[in-house]
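>>> Next input, structure requested:
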Amino acid sequence: MKKITALLLFIFAGLNATAYGEEIGEVTTVFKLLSPNSKIVIEAFDDPEVPGVTCHVSKAKTGGLKGAVGLAEDPSEASIACRQMGPIDLSKIADLKNGDIVFKESRSLIFKTLQVVRFYDKKRNVLIYLVYSDKLIDGSPKNSISTVPVMKWN
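Next up, the predicted model:
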């Protein structure tokens, strides 16, 4: 009984820790007559550690009955575009760690996530954002990157 309780707590803790961006829009990719359509969703989120940078992520979302009740596993495909939208505090950039998770979202009931991680190319003075999905056992090599040159904001 303790093992089942611990597993349920782990699952629900993972669901509650999921972060979501601000939904901008969506398009239908597969029409479903009696359940939600499969679609591509576009979301925006601001980098919490680098104010002035906003990223937009497009990702597939599974429809159908499983999608309606949250049991579907969403595809691993995602794309990202990040831009400097305001001034960036250059002193904060020096303290960033490569590979920090900027955004994380559940893509299935358990064990699959979509993540955006940040890197800083000091030589070129560029922030790099990588979006990919991972799974406890078998992740996906499908990924996309976006770069943001760190420039003085006028």
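>>> Determine the number of other residues adjacent to Tyr33.
Actually, residue 33 is Leu rather than Tyr. Leu33 sits with 5 neighbouring residues when counted by other C-beta atoms under 10 Å. Yep, even glycine has a C-beta here, placed from its N, CA and C like the rest.
>>> Next: the one 10 residues further on.
A total of 18 residues lie near Glu43 under the criterion other C-beta under 10 Å.
>>> in what helix or strand does it lie?
strand 38-46 (DSSP states H and E).
>>> The helix or strand just after that strand versus strand 38-46: what angle between them?
Proceeding N to C from strand 38-46, the next assigned helix or strand is strand 53-61, under DSSP H and E. Orientation of strand 53-61 against strand 38-46 (axes from the mean of the first three to the mean of the last three C-alpha atoms, to 10 degrees) gives an angle of 160 degrees.
>>> could we number from 33 for the rest of this?
Okay, using 33 as the starting number, the last item reads as strand 85-93.
>>> Report the rounded mean pLDDT for strand 85-93.
Strand 85-93 comes out with an average pLDDT of 91.
>>> List the contacts of that strand.
53, 56, 58, 61, 70-79, 99, 106-107, 109-117, 120, 134-135, 146, 148, 159, 161, 163, 178, 180 (C-beta atoms under 8 Å, 6 or more residues apart in numbering).
>>> what residue ranges in the chain score low on pLDDT?
The chain contains residues with pLDDT under 70 at 33-52, 97-103, 139, 141, 168-169, 186.
>>> Helices of that one, residue ranges please.
34-48, 96-101, 122-125 (DSSP state H).
>>> Dihedrals phi and psi, Met117?
When read as degrees, to the nearest 10, the backbone of Met117 gives phi -110, psi 0.
>>> burial count for the nearest residue to it once chain neighbours are set aside?
Using C-beta to C-beta, 6 or more residues apart in numbering and skipping residues adjacent in sequence, the residue nearest Met117 is Thr86, 4.7 Å away. Neighbour count for Thr86, taken as other C-beta under 10 Å: 19.
>>> Which strand residues bridge Thr86?
Asp78, Arg115 (DSSP bridges).
>>> And Val182, how far from Ala110?
Applying C-beta to C-beta, to the nearest Å, the value for Val182 to Ala110 is 24 Å.
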